[in-house]
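**Q** sequence and predicted structure are below.
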Amino acid sequence: MSDSPVIDEITPDELYLDIRRGSRPFILDVRNEEEFAKWAIEGLPPRSLLNIPYFVFLEDEARCLDRVPRGRDVTVVCAKGGSSAFVASILTQHGIRARNLQGGMIAWGDLHVTTCVASPQESTVTLFQINRVGKRCLSYVIVSDDEALVIDPARYTDWYISLAQAQQAQLTRVIDTHLHADHLSGGPGLTRALGIPYHIRLDDAAGAQFPHHSLEDGAHLALGSSVVEIIALHTPGHTPGSTSLLVNDHYLLTGDTLFVSSIGRPDLGDKAEEWAQLLYRTLFDRIARLPDDVLILPAHYSDVTEMRPDGIVATTLGEARQRNPVFERRTEAQFLEYILGRLPAQPPIYHEIRRANLGRIVLDAEHAIVAELGPNQCAAALSPRV
């Protein structure tokens, strides 16, 4: 057998398409057990994900090979793509069809998938949902005529610039629905690069070290020359400044206020009860006024099951009222008890990310990668309705 077999590689984009097409890829993850338990590739069929740490493979190669299925294409995954390439070479030498995930889980965490959200026939806007798959983070680009705006962008600003250029549109403003804690915002970076205004409600931007415009309740945001109505709705609770955007009375971009199957956790500012009270009023007063056919487009999701067959993470408000347990009839006291009793531990890194998103500290490239590893934990852990 050759000492240096040619190793096939697969990009994160290609692996994502394999999963979405139902190609049943088999994943061998060679990271250590702790890293694997925190974060792994999702959306796979049953019995299609196996964790054998790299050092275990080295210690008992024969036994590990017996655990890997033959007759299937095996994608080997590690943190950065180095250890997995070595294991893939071992599998190849033993006649197993193996390929290495380029860049490993770090590259998977940076994968962005853009999907156009279907619009009503008479719509004057084109709306794109950008899914950062590994983090379950969602951002948006809205295009009308030759103008575009970005909502809740990730730090990879070139992605949004390129998307606007592909639509022959110019980015004119960038919006954060709230101060993010799980990922580094690309809003200030887009402002610096393009000289466009950055909007975030002042409740969340106190002490920000960069220029910003307040996103006031009821503000109308212009876009293009067509009839496009974008209204800012103050929907506090996840943060005091959380703001949703109602677009043409059809789309409601909810940030971290309301998800498909859950709700934004109210404890990231260490004022859980106070912010949960705001959240209750947001849900049962402000959002309750909106009609059932409004389409909820959140900034995060908790599980791939929240993704529709077309790849979009969305639900109508009517469906949310039927299926999201947060809408069960409760008094305010019952709501507070329910939410406050279902808050997972807050990741310690979130405090640092919030400071970075205010410009109070600057994270170098390597630190930024480490800070953002793994899926978001921005939702309260609600029990699904039966």
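**A** Now that the structure is in, tell me what you want to look at. The structure displayed is predicted, hence computed values, not measured ones.

**Q** just give the number of residues close to K38.
**A** By the other Cβ atoms under 10 Å criterion, the neighbourhood of K38 contains 11 residues. In short, each C-beta sits where N, CA and C put it, glycine included.

**Q** and it, what does it touch?
**A** Taking Cβ atoms under 8 Å, 6 or more residues apart in numbering as the criterion, K38 is in contact with G374.

**Q** next one: S123
**A** N248, H250.

**Q** okay, it and G241: tell me how far apart.
**A** Spatial separation of S123 from G241 under the definition Cβ to Cβ, to the nearest Å is 29 Å.

**Q** again with Y198
**A** Distance, Y198 to G241, using Cβ to Cβ: 14 Å.

**Q** what do you get for F55?
**A** Counting by Cβ to Cβ, the gap from F55 to G241 is 46 Å.

**Q** what does R155 give?
**A** R155 sits 20 Å away from G241, taking Cβ to Cβ as the criterion.

**Q** now do Y160
**A** 22 Å.

**Q** so which of the two has more stuff around it?
**A** Using other Cβ under 10 Å as the criterion, Y160 and G241 rank with Y160 on top: 29 against 22.

**Q** leaving out chain neighbours, which residue sits closest to that one?
**A** Spatially, and ignoring its direct neighbours in sequence, Y160 is nearest to V150 (4.9 Å; Cβ to Cβ, 6 or more residues apart in numbering).

**Q** identify the residues contacting the one you found.
**A** For V150, the contacting residues are S139, Y140, V141, Y160, L171, R173, V174, I175, G186, G187, L190, taking Cβ under 8 Å, 6+ apart as the criterion.

**Q** so of those, which ones are in helices?
**A** Using DSSP state H, the subset of the contacts of V150 located in helices is Y160, G187, L190.

**Q** quick one: the helices in this protein?
**A** Here the chain has its helices, by DSSP H, at 12-21, 33-38, 54-59, 61-67, 82-93, 104-109, 157-166, 187-194, 272-281, 317-323, 332-340, 349-357, 365-371.

**Q** give the buried residues for the fifth one.
**A** By 16 or more other Cβ atoms under 10 Å, the buried positions in helix 82-93 come out as S83, S84, A85, F86, V87, A88, S89, I90, L91, T92.

**Q** could you export it as PDB, CA atoms only?
**A** Extracted in PDB, the C-alpha atoms of helix 82-93 (Å, rounded to 0.1, in the frame of the first residue of the first chain):
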ATOM      1  CA  GLY A  82      -5.200  18.300  10.000                       C
ATOM      2  CA  SER A  83      -5.800  15.300  12.300                       C
ATOM      3  CA  SER A  84      -8.800  14.300  10.200                       C
ATOM      4  CA  ALA A  85      -6.600  14.300   7.000                       C
ATOM      5  CA  PHE A  86      -4.300  11.800   8.700                       C
ATOM      6  CA  VAL A  87      -7.100   9.500   9.800                       C
ATOM      7  CA  ALA A  88      -8.700   9.800   6.300                       C
ATOM      8  CA  SER A  89      -5.400   8.500   4.900                       C
ATOM      9  CA  ILE A  90      -5.400   5.500   7.200                       C
ATOM     10  CA  LEU A  91      -9.000   4.700   6.200                       C
ATOM     11  CA  THR A  92      -8.100   5.000   2.500                       C
ATOM     12  CA  GLN A  93      -5.100   2.700   2.900                       C
END
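
**Q** which elements pack onto it?
**A** Contact partners of helix 82-93 among helices and strands, from 3 or more Cβ pairs under 8 Å, 6 or more residues apart in numbering; DSSP states H and E: helix 54-59, helix 61-67, strand 74-77, strand 98-101.

**Q** apply 6 Å and report the result again.
**A** Packing contacts for helix 82-93, counted by 3 or more Cβ pairs under 6 Å, 6 or more residues apart in numbering; DSSP states H and E, involve strand 74-77, strand 98-101.

**Q** need the residues that contact the first one.
**A** Here strand 74-77 makes contact (Cβ atoms under 6 Å, 6 or more residues apart in numbering) with 10, 25-29, 84, 87-88, 96, 98-101.

**Q** try stretch 279-286
**A** Contacting residues not belonging to stretch 279-286 are listed as T235, G237, P266, E332, F335 [Cβ under 6 Å, 6+ apart].

**Q** if we can go back for a sec, next, format the helices of the chain as CSV and append distance to F259 and mean pLDDT.
**A** As requested, those are arranged in CSV below (distance: least, Cβ to Cβ, whole Å; pLDDT from 0 to 100):
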stretch, distance to F259, mean pLDDT
helix 12-21, 21, 94
helix 33-38, 21, 95
helix 54-59, 35, 94
helix 61-67, 37, 95
helix 82-93, 32, 95
helix 104-109, 20, 96
helix 157-166, 22, 96
helix 187-194, 21, 96
helix 272-281, 12, 96
helix 317-323, 9, 95
helix 332-340, 13, 93
helix 349-357, 17, 96
helix 365-371, 22, 93
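
**Q** among these, which is nearest Q377?
**A** Each of the helices of the chain was checked against Q377 via Cβ to Cβ, and the shortest separation belongs to helix 349-357, namely 8.0 Å.
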